[in-house]
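Chemist: what follows is a predicted structure for the sequence shown.
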Amino acid sequence: MKKMIETVLPLREINASAIADRAKKGHPGNMHLWWNRSPIDSSAALLKAAIENGPTGDDSSTQDVLLRKLIQIAEGDTSNPCLSGTAYPTVCDPFSGYGGLTIAAQTLGLKVEAGDLNSVATLLTKAAAEIPARFSDSKAVNPDAENKMYFGSEGLAADIAYYGEQIKQKARQKLSACYHEVKTIDSESASVYSWIWVRTMRCPNPACGCEMPLASSYVLSRNKGHEYWAEPEVVGKKIHFSVHQGICPDGRESNKHGSKGAKFICPACGQITKDEDVKNAGIAHQLHIQLMAVCIQDQKEKSFREADEDQISAASVETPDDIPSGMIPDNTRWFSTPAFGLTKYADLYTPRQLQLMTTLCNLVSEEILQITRDAVIAGMSQGTLPLEEGGSGALAYGQAVGVYLALVIGKLANYQSTICTWDNRNGNVRAAFTRQAIPMTWVFAEGNPFSKPTGNYETLLKNVVDSVACLHARTEVVAKQKNAVTMQFPDHSIMFTELPYYENVGYADLSDYFYIWLRKCLKDVCLKLFEKIVTSKEELSSIPEHYNGDTKRAIASYQYGIQQMLDNFHEKASEEYPSVLFFEYGKRDEAAISQSVETELSPFENLVDSIFHSGFGVTGIWPVRTEKPNQRFESFRVAVVFRKIDASLPETTRRGFINALKRELPTLLDTAYGASIEETDKPVAGLGMGMQVFSKFHQVINADGSKMGIHDALNIIYQEVNEYLTIHAVAADTEEA
């Protein structure tokens, strides 16, 4: 029997939910950065639609009830959605990312098997779904815990808050010499808000040799009425920075020459560096950093002052011996720093930042032991199984809280490296990842983690606490590190996952930035997850750099991996329920489908072809956007619905298929378009209804005896859908007239 997702959806409301899904207070996405997060509520609505039977006949009242229920779920109301029981399928999410789709399935009460090849993604899914379910309704164990009933993850959140604060206080005491307070104009003590640094190198002019700044901007604040700027002054072979209040004069805002390349003007002799001069200096380890200004925030406003000896001394600490190792990939698409000699992740931090991060990581290990002791005192059984092996006693609980404390430190890494730039418009520290890349920076900001800049420790801890407190796990989840291509699926399962889109995001490479710190915190807790120095680079993608620059080989490997995964899944796939793959549909796909002559399958066509090749049929394609429709976007997200098809289905001719389309498609489109759907989404949704007709045949035979391919089928459906839309548009215009 057809399910709701194969007939009609309240697509307008589902899309509104997906677009609005942002990491606001309490959102699971606030636990840690991940790229391309799958929305939760809209996904829960789609999954519910894949489980619920669609309306039969002309029963419009039943359809309206079902649509209203889906709208409620899309809007976040999951008060009574339980679908638990052996009759329902196991939901498999083999590309779990941060766990959005897993949470969606969990809120419906369905059994979930999730995971990812990426260790960071697997850890995030465990933190978002598996751990909260294991310790649901557990009491807080910290010495200050209230003696009350705790529901969901409230107890877990209370302990994260308490022990996270303990780590902060211990770290602040250990690092007191590194984070001095300063005197304000009113002679009161105040914490430094942030330090503004600039990279330097020796001037390439042999006659000069000045230690010149490489400053993309000397402007410290553009805040109206509170402008500040720094001026480089040559003192012998050194540069001293004076800080001025007021608008920076024209021509003094930077010594950068031009907009491209690492070209800078020496303030001593006027020599302009070449790009290779700066790169050679970096490779020779002759790029240095210099404190340009210190930002103070008192009760009134931010102000800036010159770096004195006290502040310079506080930052001049020894590099710790126990910093994590890890090489930055030599991939210029996402990583600019190796070209300038910053080849290790540890190279991206100041010595003080390395002291901070290693101190915090070491404190997590210590705190796990204390949490375990406190849990036993609070009455929790000691337990012999650790968290990694499914334990639920005091040992596992201490490790579980440690996971979230590690995530706080992972989040802190995003604001504590030399990749973090200074936003002189709002006076704050920018995160390292403002886009999916690690760029080279010239002026960077080091925020005081114990003060109030964006990304301070206290705020990040609160982010994690609030997120955990809002998790209400209904069913147990198993989240393991696994390769989706070779994984073994359980019987009677459905796939509900977001596929990686070719080379769109280098998850494995980018996540190493966080992996090295998470590993330092948790390598003794999650032995299997963090056994490698960096993440596995065997991820399913078409990144050419993973194939010695061979783009064709990379694409072929990606497509083969998708095919192999679907082949493996087919044997275990549910006979009753459809599965859903989230993918991207772009202008390239539309251009290919609209052309009657096939040249090469587009990415979307290739996915559909793989689905059919594995013995499935496509029964729906729904645009589920995470951004508002915009002509500038090259692609948008779609949900591809597919299910097992009977091998005994009849075959037909090309003419027979076209006749079936003309006979059945209008009714299917009437139903699909009968609910709330935007005009821009109708063409793609129509393709899904047309593929549903195509899936009724074992094969379609062309006039020359060949088997009709996916491109031809989609092209024919494309024309039929356009004809339907044109006829109905004319009819609507006639009625209005």
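Modeler: Right, received. Where do you want to start? Numbering: from 1, shown residues only.
Chemist: what's the closest non-adjacent residue to F633?
Modeler: In space, and not counting its chain neighbours, F633 is closest to E627: 6.4 Å by Cβ to Cβ, 6 or more residues apart in numbering. For the C-beta atoms, the positions are set from N, CA and C on the backbone; glycine is no exception.
Chemist: one more: K707?
Modeler: Q699 (5.3 Å).
Chemist: burial count for that neighbour?
Modeler: As a burial measure, Q699 scores 13 neighbours (other Cβ atoms under 10 Å).
Chemist: list the contacts of it.
Modeler: Q699 makes contacts with E651, K707, M708, as judged by Cβ atoms under 8 Å, 6 or more residues apart in numbering.
Chemist: again, but for L581
Modeler: Residues near L581 by Cβ under 8 Å, 6+ apart: M495, T497, E498, L499, L607, I611, A639, V640, F642.
Chemist: how about G100?
Modeler: By Cβ under 8 Å, 6+ apart, the residues touching G100 are P28, G29, R37, S38, P39, I40, S43, E498.
Chemist: what distance do you get for D704 to V693?
Modeler: Taking Cβ to Cβ, to the nearest Å as the measure, D704 falls 22 Å from V693.
Chemist: quick one, which of the two is more surrounded?
Modeler: Under the neighbour definition other Cβ under 10 Å, D704 and V693 were set side by side, and V693 has more, 22 against 6.
Chemist: can you pull the phi and psi angles for V640?
Modeler: Dihedral angles of V640 (phi, psi; degrees, to the nearest 10) stand at phi -100, psi 120.
Chemist: how far off centre is the longest strand along the chain?
Modeler: If you go by DSSP state E, the chain has its longest strand at strand 189-202. Chain-centre distance of strand 189-202: 30 Å, with Cα atoms, centre = their mean, to the nearest Å.
Chemist: so what does that strand touch, helix or strand wise?
Modeler: Where contact means 3 or more Cβ pairs under 8 Å, 6 or more residues apart in numbering; DSSP states H and E, strand 189-202 is packed against strand 181-183, strand 211-213, helix 275-283, strand 288-297, helix 309-315, strand 443-447.
Chemist: dump those to CSV, plus mean neighbour count, mean pLDDT and distance to L407.
Modeler: CSV is the format used below for these (neighbours: other Cβ atoms under 10 Å; pLDDT from 0 to 100; distance: least, Cβ to Cβ, whole Å):
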stretch, mean neighbour count, mean pLDDT, distance to L407
strand 181-183, 13, 79, 29
strand 211-213, 24, 97, 36
helix 275-283, 18, 96, 32
strand 288-297, 21, 95, 27
helix 309-315, 14, 93, 27
strand 443-447, 25, 98, 19
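Chemist: can I get those in a markdown table including distance to I160?
Modeler: Listed next are the helices and strands packed on strand 189-202 as a markdown table, based on distance: least, Cβ to Cβ, whole Å:
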| stretch | distance to I160 |
| --- | --- |
| strand 181-183 | 28 |
| strand 211-213 | 42 |
| helix 275-283 | 40 |
| strand 288-297 | 27 |
| helix 309-315 | 30 |
| strand 443-447 | 22 |
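Chemist: residues touching the spatially most distant residue from the centre of the chain, list them.
Modeler: The centre of the chain is farthest from one residue, A207, which by Cα atoms, centre = their mean lies 49.7 Å away. A207 makes contacts with C269, as judged by Cβ under 8 Å, 6+ apart.
Chemist: and it, how far from K300?
Modeler: 47 Å.
Chemist: and if you look at A129?
Modeler: 45 Å.
Chemist: give me the more crowded residue out of these two.
Modeler: In this view A129 and K300 are compared by other Cβ under 10 Å, and A129 has more residues nearby, 31 against 10.
Chemist: tally of neighbours for the closest residue to that one other than its chain neighbours?
Modeler: Residue nearest to A129 in three dimensions, not counting chain neighbours: V477, with 4.2 Å by Cβ to Cβ, 6+ apart. Counted by other Cβ under 10 Å, the residues lying close to V477 total 29.
Chemist: before we move on, what about F633?
Modeler: 12.
Chemist: just the buried members of the contacts of Q699?
Modeler: Buried members of those, counted by 16 or more other Cβ atoms under 10 Å: M708.
Chemist: of the contacts of Q699, closest to Y457?
Modeler: Closest approach to Y457 among the contacts of Q699 (Cβ to Cβ): M708, at 60.6 Å.
Chemist: dump the residue contacts of the closest one.
Modeler: By Cβ under 8 Å, 6+ apart, M708 lies in contact with R654, F657, Q699, V700, I701, N702.
Chemist: low-scoring stretches of the stretch 51-200 of the chain, by residue?
Modeler: Per-residue confidence of the stretch 51-200 of the chain (counting by pLDDT under 70) places the weak regions at 57-59, 80-86, 184-187.
Chemist: let's see that with 90 instead.
Modeler: The model of the stretch 51-200 of the chain has pLDDT under 90 over residues 54-66, 77-87, 147, 180-191.
Chemist: cool, and the stretch 451-600 of the chain?
Modeler: Across the stretch 451-600 of the chain, the ranges flagged by pLDDT under 90 are 472-476, 536-538, 545-546, 596-600.
Chemist: same check, this time on the stretch 301-450 of the chain
Modeler: Counting by pLDDT under 90, the low-confidence segments of the stretch 301-450 of the chain come to 301, 330-331, 333, 382-384.
Chemist: what about the helices in the stretch 1-150 of the chain?
Modeler: With DSSP state H, counting those that start in this stretch, the ranges of helices along the stretch 1-150 of the chain come out as 11-20, 41-51, 60-74, 100-107, 119-125, 131-134.
Chemist: my bad, the stretch 251-400 of the chain
Modeler: 275-283, 309-315, 351-377, 394-413.
Chemist: hang on, the residue nearest to A129 packs against T107?
Modeler: No - taking contacts as Cβ atoms under 8 Å, V477 lies outside contact range of T107: 11.1 Å.
Chemist: what residues does S216 make contact with?
Modeler: For S216, the contact set (Cβ under 8 Å, 6+ apart) comprises S254, K256, T441, W442, V443.
Chemist: among those, which ones are buried?
Modeler: Taking 16+ other Cβ under 10 Å as the criterion, what is buried in the contacts of S216 is S254, K256, T441, W442, V443.
Chemist: okay, and the beta partners of the last one?
Modeler: Partner residues in beta bridges with V443: V198, with DSSP bridges as the criterion.
Chemist: now it: how far from F514?
Modeler: According to Cβ to Cβ, V443 stands 24 Å off from F514.
Chemist: now swap in the fourth one and tell me
Modeler: Counting by Cβ to Cβ, the separation of W442 from F514 is 24 Å.
Chemist: rewinding a little: of the helices and strands packed on strand 189-202, which is nearest G455?
Modeler: Ranking these by proximity to G455 (Cβ to Cβ) places strand 443-447 first, at 5.8 Å.
Chemist: beyond that closest one, next helix or strand please.
Modeler: Moving toward the C-terminus from strand 443-447, the next helix or strand (DSSP states H and E) is helix 457-469.
Chemist: who touches Y724 in this structure?
Modeler: Neighbouring residues of Y724 by Cβ under 8 Å, 6+ apart: L665, P666, L669, G686.
Chemist: same thing but 10 Å
Modeler: 661-662, 665-666, 668-670, 673, 682-683, 686, 689-690 (Cβ atoms under 10 Å, 6 or more residues apart in numbering).
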